[in-house]
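Novice: Coordinates only, no sequence provided:
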């Protein structure tokens, strides 16, 4: 393994873990939304203003979460761009030389 490949491979492993985390987070968020909606519908003790405040809080949390995920995705893309030039010279060295004419 080439030393220049290590950061690229580490990034690939991290991206795989990140994608799993994002899928899990989205699934938990969807289930939480369903549970909260059901609870708010069935609750007779909460006033409409309280329900409105809870839904607003949930929407704000989703926006913050989306901003965080977008920022990480953007930074990972930048990191990949930084690593690409480092990979190109190493790949060029591995290109077999042209065959010499006989």
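Specialist: Cool, the structure landed. These numbers were taken from a predicted model, which means no experiment stands behind them.
Novice: what stretches of the chain score poorly on pLDDT?
Specialist: Across the chain, the ranges flagged by pLDDT under 70 are 1, 86-102.
Novice: quick one: secondary structure of residue 46?
Specialist: Per DSSP: H, G, I helix; E, B strand; the rest coil, the secondary structure class of residue 46 is coil.
Novice: for stretch 29-46, which positions count as buried?
Specialist: Neighbour counts over stretch 29-46 (16 or more other Cβ atoms under 10 Å) mark residue 40 as buried. Quick note: C-beta positions are derived from backbone N, CA and C, even for glycine.
Novice: how distant is stretch 60-78 from the center of its chain?
Specialist: Centroid displacement of stretch 60-78 relative to its chain, using Cα atoms, centre = their mean, to the nearest Å, is 8 Å.
Novice: got the contact list for that stretch?
Specialist: 11, 15, 18, 22, 25, 29 (Cβ atoms under 8 Å, 6 or more residues apart in numbering).
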